[in-house]
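Asker: what follows is a predicted structure for the sequence shown.
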Amino acid sequence: MKSRRPLQPVAPCDMQLLFSYPCPHCGRKTTVLAPTQPAQVLCDACGQPFPLLPVDDHTVRFLKVLLSDGRAAVDPDFV
């Protein structure tokens with residue numbers, strides 16, 4: 001039988017950065033997980049492919065280190 005006591009909140013253990021790119025065909029934003037290499041994606045609205053400018057891998061890694069993979073981003077009022 002499971003315990004009925006309330007669960008304690010869980011802290012993040014990892015962090016990912018999402019970037020939004022506007023589709024050049026229809027204008028809808030497409031969200032991509034930190035594309036650090038040149039890539040081509042399909043717009044989820046119109047289905048047309050378009051190339052992406054990559055983001056800087058050093059900047060992504062810096063932000064992850066700065067925020068301790070998300071752990072440092074926790075609201076201190078809830079710790």
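Answerer: Perfect, thanks for sending it. Numbering: from 1, shown residues only.
Asker: just the strands in the protein please.
Answerer: For the chain, the strands defined by DSSP state E cover 18-22, 29-33, 39-42, 49-52.
Asker: residue ranges with poor pLDDT in this protein?
Answerer: 1, 3 (pLDDT under 70).
Asker: before we move on, back to that, which stretch among the strands of the chain comes nearest R71?
Answerer: Nearest of the strands of the chain to R71, taken as Cβ to Cβ: strand 18-22 at 18.5 Å. Placement of C-beta: from N, CA and C, glycine included.
Asker: for the closest one, name the packing helices and strands.
Answerer: For strand 18-22, the contact count by 3 or more Cβ pairs under 8 Å, 6 or more residues apart in numbering; DSSP states H and E identifies strand 29-33 as packing neighbours.
Asker: what packs against the strand it packs on?
Answerer: strand 18-22, strand 39-42.
Asker: what about the closest residue to C43 other than its chain neighbours, neighbour count?
Answerer: Nearest non-adjacent residue to C43, counting by Cβ to Cβ, 6 or more residues apart in numbering: C23, 4.0 Å away. C23 has 19 neighbouring residues, counting by other Cβ atoms under 10 Å.
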